[in-house]
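**Q** Have a look at this prediction, sequence included:
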Protein chains: 2
Amino acid sequence: MKQTSSRTMLDNVHLKYSRQREWLLDLLKEQKTPITIEQLDELVRSRKLSINLSTIYRILDAFLKHDLIEKTFNIQMQSYVIELKHSHHRHYLICLDCQKMIPINHCPMHNIVEEIEKEQNFHVSAHQLEIYGYCSACIKNH
Amino acid sequence: MKQTSSRTMLDNVHLKYSRQREWLLDLLKEQKTPITIEQLDELVRSRKLSINLSTIYRILDAFLKHDLIEKTFNIQMQSYVIELKHSHHRHYLICLDCQKMIPINHCPMHNIVEEIEKEQNFHVSAHQLEIYGYCSACIKNH
DNA sequence: AATGCAAATGCGAATCATTTGCATTTTTAG
DNA sequence: CTAAAAATGCAAATGATTCGCATTTGCATT
């Protein structure tokens, strides 16, 4: 299936077009797992795209505010990671050895959230979950 | 039940005693929910205890390394929070309005972790979970 | 109680990611 | 094509965390 053009995506969330925004969106689309801002910046350089770092920050803020991306904190890497927002949100298994982030297909929190809402008189509107350990490739080293 | 003295706790994990370490441990024991390093520093000042901020950082690093505390990242507050390590680890419901952190008594991840280990060929060694929403007091404002 | 040594602390400076102010450039609307 | 508004680049500021080094502390030994 063909994906929506970055131009259209910006349009859809009422963000003005700019070269830099399109580039970043395109780069984010390529990613299979979340990346840090630093990695994104390196990616920009490696493609000879030249976007000022402060602009990257500003654009990511705008993307976040307009729900184009998700920003979570990866304790393992001690930094934020960014990913394009998917139709349903994802969680990851994070390898403590090779740092790989493996997406979990269906969010295991559904039932848990329901339970909590019933039992605790708390309205759940979001959650963050990461699972740390060793992936199949690295498991043998431990 | 009477709790272990800070002195003994330090001893148990083979950390040398110092005034500052005892003070911090005492302060952490008082807390019912995690606090930021900044809050801890303020607490130190308000008790006229005087511990240099860089020392606080160093001591917390030592506590972490020796498993006296847990350090997690609270996305809502955009900073790390610290708590004394409990016999079994906790997760929190975090109110997006008043920022209160309400501990969940039993960790809902047990079954999920087992499932993942079976299905994914991934060895789980830790996880981080926070649930964001509105507590009973703040729910009416939303 | 005094001494010596290793480890911990205080202090100021350095570092590093992120943010900000402002001049310049780009985008969009007319 | 032009003008106004918004976005970007650049350099400097900020703020949390870390570091180096001189001083102090805790503790074992005398």
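**A** Sure thing, it's come through.

**Q** Let me see the ranges of the strands in chain A.
**A** Counting by DSSP state E, the segments of chain A that form strands are A:69-74, A:79-84, A:91-95, A:101-104, A:123-134.

**Q** Of those, which is nearest residue B:26?
**A** The closest of these to residue B:26 is strand A:69-74. By Cβ to Cβ, the value is 29.2 Å. For glycine as for every other residue, the C-beta is placed from the backbone atoms N, C-alpha and C.

**Q** ok, and what's touching that closest one?
**A** Taking Cβ atoms under 8 Å, 6 or more residues apart in numbering or on different chains as the criterion, the residues outside strand A:69-74 that touch it are A:28, A:34, A:36, A:60, A:63-64, A:79-85, A:89, A:94, A:101, A:128, A:130, B:73, B:75.

**Q** Likewise for stretch A:41-60?
**A** A:20-21, A:23-24, A:27, A:35, A:37, A:40, A:69, A:71, A:82.

**Q** Kindly recompute the last result at 10 Å.
**A** A:15, A:18-21, A:23-28, A:30-31, A:35-38, A:40, A:68-69, A:71, A:80, A:82 (Cβ atoms under 10 Å, 6 or more residues apart in numbering or on different chains).

**Q** So which of these are in helices?
**A** A:19-21, A:23-28, A:30, A:37-38, A:40 (DSSP state H).

**Q** Mind checking which of those are buried?
**A** Of the members of those, the ones counted as buried by neighbours, 16 or more other Cβ atoms under 10 Å in any protein chain shown, are A:20-21, A:23-25, A:27-28, A:37, A:40.

**Q** Which members of those additionally contact DNA strand D?
**A** Counting by Cβ under 7 Å from any atom of the strand, the subset of those that neighbours DNA strand D consists of A:20-21.

**Q** from the buried ones among the ones in helices among the contacts of stretch A:41-60, which is closest to chain B?
**A** Closest approach to chain B among those (Cβ to the nearest Cβ): residue A:37, at 14.3 Å.

**Q** Roughly how far does the closest one sit from residue A:129?
**A** Taken as Cβ to Cβ, to the nearest Å, the spacing of residue A:37 relative to residue A:129 amounts to 22 Å.

**Q** swap in residue A:6?
**A** Here residue A:6 is placed at a distance of 29 Å from residue A:129 (Cβ to Cβ).
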